[in-house]
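> heads up, no residue letters with this:
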């Protein structure tokens, strides 16, 4: 592959970021600088870390950035669930983001395993 943009996981992560941005836009105005910003930052972090890791010189660095991206997915999932728990969003409103997050997580796990076969 010539470019990180060819990676399906990066493409899916970009789709996830777009979905999360739309979902965050459904939060009440008083959450604009709290949960909405946290969700947006975490969602941008996923494709950004995939791209940054891909551009690094070593596989070890690449894998480290993939782990960071995976951590950002956990943040997104947690924040979406918190939005529901607080009554700010419904389960239906977060379902697309949750689904994409799980898919990107599976893809990241597969890529990490392929690049770093040692546990």
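Ah, there it is. Not measured: the values here are computed from a predicted model.
> just give me the neighbour total for the residue nearest to residue 38 when sequence neighbours are not counted.
Leaving aside its sequence neighbours, residue 38 sits nearest to residue 79 (CB to CB, 6 or more residues apart in numbering; 5.6 Å). Just so you know, the C-beta spots here come from the backbone N, C-alpha and C atoms, and that holds for glycine as well. Neighbour count for residue 79, taken as other CB atoms under 10 Å: 22.
> kindly report the same for residue 111.
With other CB under 10 Å as criterion, residue 111 counts 21.
> wait, it sits on residue 66?
Yes: counting by CB atoms under 8 Å, residue 111 does reach residue 66; the two are 6.1 Å apart.
> longest helix in this structure, please.
helix 59-85 (DSSP state H).
> need phi/psi at residue 45.
When read as degrees, to the nearest 10, the backbone of residue 45 gives phi -60, psi -30.
> now for whichever strand or helix holds residue 16, which elements pack on it?
Using DSSP states H and E, the element containing residue 16 is helix 8-24. Helix 8-24 sits against helix 35-54, helix 59-85, helix 91-115, with contacts defined as 3 or more CB pairs under 8 Å, 6 or more residues apart in numbering; DSSP states H and E.
> which stretches of the chain have low pLDDT?
In the predicted model, the chain carries pLDDT under 70 at residues 1, 118-119.
> tally of neighbours for residue 64?
A count of nearby residues for residue 64, using other CB under 10 Å, gives 16.
> hmm, it is touching residue 53, no?
Yes: at 6.9 Å, residue 64 and residue 53 qualify as touching, with contact defined as CB under 8 Å.
> buried ones in the longest helix of the chain?
62-66, 68-70, 72-73, 75-77, 79-80, 83 (16 or more other CB atoms under 10 Å).
> tell me the angle that helix makes with helix 91-115.
170 degrees (axes from the mean of the first three to the mean of the last three CA atoms, to 10 degrees).
> how about the contacts made by the residue nearest to residue 80 when sequence neighbours are not counted?
Distance criterion CB to CB, 6+ apart; nearest residue to residue 80, sequence neighbours excluded, is residue 94 at 4.3 Å. Taking CB atoms under 8 Å, 6 or more residues apart in numbering, we find residue 94 in contact with 23, 80-81, 83-84.
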